[in-house]
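> generate coordinates for the sequence data below:
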Amino acid sequence: MKRLLPVLVFTALAASLLAAVRPITISLARERAGRPPARFLAVVGDWIVAAGEHGKPVLQVDGRQWIKGQPSAGLAANARRIYGSRHEEFIDSVKAYAYFPYAVARDIPAFSNGEISTRFRLLGGQLDQCAGILFNLKLNGDYLAVRFNAKEDNLVLWTFKNGKRSFVKKGSHDVHLAMNEWHAIKVAVDGTQLRGYLDDELLIEYTLAEPVSGRIGVWSKTDSVSQFDGYTVAAK
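Okay, here's the model as predicted:
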């Protein structure tokens, strides 16, 4: 039995490590179309569960349905769910970013290293046609986002800090994506090293000023109408 103990300990440790890096996909399979999502908390904009291809539930943001400059109707309640009693500063900061709809993954309390990926489909928008991944969301409302904009045909890393949006890094080249078709976007973080992918093509490589640590979610802009599916997190 003594000889088996190291083997058992090693096996248990290996299983634990595998579980730690096992990807988590946020499924909307049990949610009903036309209702607010249960797995994502709307912070800015109008987010609902919609019927995708073959009736499959997907997450949809419709920028045409909300008043520009206004957070989501459930902001206060959702902020409390995310940060408990420490939500007031967060709410104050959100108002500065009210032109940028986003929703937070409810079951992922923090993300530091690994990969975040999702499929997206752009359906419309006169001002913008955007979809992206939000990450490093802080208690004060600051965050980072990697997004694709079909109006500009580019993938860009943006920072939202102290109430100001700032350009950080643009993809190595422009890419034209067809509307109403599904595409993939991914953010990979290793310490301060960040990589951004579009349809599995590496377009952004950047060294952040500090390591990532915060909430994550999905992101859009102004009147974009976009759908998201298969939101997956593989944390290291």
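> pLDDT wise, what is the closest residue in space to Gly52 that isn't next to it in sequence at?
Of all residues not flanking Gly52 in the chain, Val58 sits nearest, at 3.8 Å (C-beta to C-beta, 6 or more residues apart in numbering). Any C-beta I mention is one placed from the backbone N, CA and C, and that applies to glycine too. As predicted, Val58 sits at a pLDDT of 97.
> so how far is Trp182 from Val58?
10 Å (C-beta to C-beta, to the nearest Å).
> which residue of these two possesses the greater neighbour count?
More crowded of Val58 and Trp182, by other C-beta atoms under 10 Å: Val58, with 23 against 18.
> which SSE is immediately downstream of the helix or strand bottoming out on mean pLDDT in the chain?
For the chain, using mean pLDDT, DSSP states H and E, the weakest element among its helices and strands is helix 4-21, scoring a mean of 43. Going down the chain from helix 4-21, the next helix or strand is strand 24-26, by DSSP states H and E.
> what's the spacing between the following helix or strand past that next one and its chain's center?
Per DSSP H and E, the first helix or strand lying C-terminal to strand 24-26 is strand 40-44. From the chain centre to the centre of strand 40-44 is a distance of 11 Å (C-alpha atoms, centre = their mean, to the nearest Å).
> which residues are contacting strand 40-44?
Identification of contacts with strand 40-44 by C-beta atoms under 8 Å, 6 or more residues apart in numbering yields 26, 36, 47, 59, 71-72, 74-75, 78-79, 81-82, 94, 97-98, 100-106, 217-218.
> likewise for stretch 120-132?
52, 58, 63-64, 145-151, 177, 179-185, 218-229.
> pull out the buried members of those residues.
Taking 16 or more other C-beta atoms under 10 Å as the criterion, what is buried in those is 52, 58, 63, 145-150, 177, 182-183, 185, 218-229.
> mind listing which of the contacts of strand 40-44 are in strands?
Secondary structure defined by DSSP state E assigns Ile26, Trp47, Leu59, Tyr102, Ala103, Val104, Ala105, Gly217, Val218 of the contacts of strand 40-44 to strands.
> max pairwise distance over those residues: which two?
Ile26 and Tyr102 (14.7 Å; C-beta to C-beta).
> those two: which is more packed in?
Tyr102 (27 against 21).
> circling back to that earlier point, could you turn the buried ones of the contacts of strand 40-44 into a PyMOL selection?
This is the PyMOL syntax for the buried subset of those, where burial follows 16+ other C-beta under 10 Å:
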select buried, resi 26+36+47+59+71+72+75+78+79+82+94+97+98+100+101+102+103+104+105+106+217+218
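> and the residue lying closest to Phe167 once chain neighbours are set aside, what does it touch?
In space, and not counting its chain neighbours, Phe167 is closest to Trp158: 6.3 Å by C-beta to C-beta, 6+ apart. The neighbourhood of Trp158, defined by C-beta under 8 Å, 6+ apart, consists of Leu144, Ala145, Val146, Arg147, Arg165, Ser166, Phe167, Val168.
> my read: the fourth one touches Leu155, true?
Yes. At 7.3 Å, Arg147 counts as touching Leu155 under the criterion of C-beta atoms under 8 Å.
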